[in-house]
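1. what's the 3D shape of this:
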Amino acid sequence: MLWNALTIALQEIRRNVVRGILTVLGVVIGVAAVVIMVSLGQGATASVTSQVESLGSQLVMIIPGSGQGPGGAAAPGFTLADAEAVEDVAGVAALAPVRNVRLKAVYLQEDWSTQAIGSTDDYFDVGGWTLASGRTFNDAEVLGARPVCVVGATVAGELFGQQEPIGAQIRLKSMACEVIGVLEGKGQGAMGQDQDSIVVVPFTTLQRRLAGRRGSREVDLMMVSVRQGVPAARVVRDTTSILRERRGMTAGEDDDFSVLDTKEIVEALSSTTRVLTLLLGAVAAISLLVGGIGIMNIMLVSVTERTREIGIRMSIGALPGEVLLQFLVEALVLSLLGGLVGLVLAGGGSLALARALNVPFVFDLQINLIAFGFSAAVGVVFGYAPARRAARLDPIDALRFE
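-> This is a model prediction of the structure:
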């Protein structure tokens, strides 16, 4: 009986192809929209996670300001003595003090606006950087404030093109600086900035030759690498305690600095993108309901058009349950066809949009199955009322219908 109902349903759909296409269009759009939105949301989550993790594993970042308002920008900075005190915290594997200056890097006729970062050799290990070529600076170069630098992949490409950067002299403000290393590319950061548009110089070189002293604010940022096996939360707690003491803060006073564990940042950002993904998926699912209403309307029209056919079937012995099953199967087949087409379109659309938005393409089998199952449920739910109406027709009245 089920096979006969399926055969009749396919014959009816084939007989009215255009109407069938228009009927399932809402389901196609609904399924495609749900899958595309969720896939892009998951891709964005993966992108944000990888970008934050690219800063370095087991990384704690310490910045001036509480991050709770515009007043955070006026908070006093850190000194090298602060950095040395934090470096002595139990569980700290390495610490890199960082100072930043925006400037132009110039080589022959080429120039590029970039960020000069002054730090120690630990910056590369703490930040998870690897060298594409050359070397990093040594302790003697840091102590002597030598004019040497390691450039990011973007800077190397913009200034040198296909030339070999190692050994070349670039100009940073009025200082000629020898390129001793080139970093492997990392791509965009969590905030959309180009992580590879940097020039790293010894901390003392930037301080004395490029930036100068700014009162007590010698350090803009401290990057701390936590030893493997040591809870980052403990390092955050101890660091906070030491900095509060050094900055003379009382018990009831809020911190005027922030100690951030990158793992917590990843979790917070991932949680936010997951919520947004679910919200977008729920909004897109509304179009599935619209598609279901379209199926119900067309099936009601189909019942009206085929009233005499129903009357003939029931007069020669077809039971009401068989008539109900026939129309219910027809509605289910329509919705399943729409679901299949929607999944195909969603796959291509997700891949194209992921490339356009520069986020990873994530294929989630579970969400595809859920969307397909939901399309089937839409067919059953919205096809039941027309099927029930057909099953309740009186055979004599149906035969008289014109």
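2. Which stretches in the stretch 101-250 of the chain count as strands?
-> Defined through DSSP state E, counting those that start in this stretch, the strands belonging to the stretch 101-250 of the chain, from first to last, are 110-119, 131-134, 148-151, 169-172, 175-183, 198-202, 221-226.
3. Of all those strands, which one comes closest to Thr45?
-> In this view, the strands of the stretch 101-250 of the chain are compared for proximity to Thr45 by CB to CB, and strand 221-226 is the closest at 24.2 Å. Every residue, glycine included, has its C-beta placed from N, CA and C.
4. Sticking with Ala93, tell me its helix or strand.
-> For Ala93, the host element (DSSP states H and E) is strand 92-107.
5. How far off centre is that strand?
-> Centroid displacement of strand 92-107 relative to its chain, using CA atoms, centre = their mean, to the nearest Å, is 27 Å.
6. quick check: angle from that strand to strand 221-226?
-> Between the direction of strand 92-107 and that of strand 221-226, the angle (axes from the mean of the first three to the mean of the last three CA atoms, to 10 degrees) works out to 140 degrees.
7. Only the C-alpha atoms, please, for strand 92-107, written as CSV.
-> The C-alpha coordinates for strand 92-107 follow below in CSV (Å, rounded to 0.1, in the frame of the first residue of the first chain):
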residue,chain,number,x,y,z
VAL,A,92,55.7,31.8,34.5
ALA,A,93,57.9,30.2,31.8
ALA,A,94,58.8,33.4,30.0
LEU,A,95,57.7,37.0,29.8
ALA,A,96,58.0,39.4,26.9
PRO,A,97,57.5,43.2,27.6
VAL,A,98,56.1,44.9,24.5
ARG,A,99,56.0,48.5,23.3
ASN,A,100,54.4,49.5,20.1
VAL,A,101,54.9,52.4,17.7
ARG,A,102,53.1,53.1,14.4
LEU,A,103,55.5,54.1,11.6
LYS,A,104,56.5,53.6,8.0
ALA,A,105,59.1,51.1,7.0
VAL,A,106,61.0,52.2,3.9
TYR,A,107,63.2,50.2,1.5
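8. partner strands of it, parallel or antiparallel?
-> Note on strand 92-107: by DSSP bridges, its sheet partners are strand 110-119 (antiparallel), strand 169-172 (antiparallel), strand 221-226 (antiparallel).
9. So which of those is nearest Leu95?
-> Closest to Leu95 of the strands paired with strand 92-107, according to CB to CB: strand 221-226, at 5.2 Å.
10. these two touch, right, Leu183 and Arg135?
-> No - using CB atoms under 8 Å, Leu183 and Arg135 do not qualify as a contacting pair, with a distance of 11.4 Å.
11. Neighbour count: those two, which is higher?
-> Remark: of Leu183 and Arg135, Leu183 carries more neighbours, 25 against 12, as counted by other CB atoms under 10 Å.
12. Need the pLDDT of that one.
-> Residue-level confidence at Leu183 comes out at 92, pLDDT.
13. ok, it - contacts?
-> Listed by CB atoms under 8 Å, 6 or more residues apart in numbering, the contact set of Leu183 reads 124, 129-132, 150-153, 196, 198, 200.
14. Show me which of these are buried.
-> Among those, those scoring as buried are 124, 129, 150-153, 196, 198, 200 (criterion: 16 or more other CB atoms under 10 Å).
15. what about the nearest residue to Leu40 once chain neighbours are set aside, neighbour count?
-> Nearest non-adjacent residue to Leu40, counting by CB to CB, 6 or more residues apart in numbering: Leu353, 6.0 Å away. Residue crowding around Leu353 was assessed by other CB under 10 Å; the count is 16.
16. Same question for Arg388.
-> For Arg388, using other CB under 10 Å, the count is 15.
17. just Thr136 next, same as before
-> Neighbour tally, Thr136, other CB under 10 Å: 20.
18. Look up how far Gly187 lies from it.
-> In this structure, Thr136 lies at 21 Å from Gly187, with CB to CB, to the nearest Å as the measure.
19. So Val224 sits against Pro97, correct?
-> No - contact criterion CB under 8 Å: Val224 and Pro97 do not qualify, at 10.2 Å.
20. Correct me if wrong, but Met61 is in a helix.
-> No - with DSSP: H, G, I helix; E, B strand; the rest coil as the criterion, Met61 is strand rather than part of a helix.
21. give me the beta-bridge partners of it?
-> Under DSSP bridges, the beta-bridge partners of Met61 are Met223, Leu260.
22. Counting neighbours, what do you get for it?
-> Using other CB under 10 Å, Met61 is surrounded by 18 other residues.
23. Distance of it relative to Thr114?
-> Counting by CB to CB - Met61 and Thr114 are separated by 21 Å.
24. Phe203 too?
-> In this structure, Phe203 and Thr114 are 17 Å apart, going by CB to CB.
25. same question, Phe124
-> The separation that Phe124 has from Thr114, given CB to CB, amounts to 17 Å.
26. And Thr307, by the same measure?
-> The spacing between Thr307 and Thr114, counted by CB to CB, is 77 Å.
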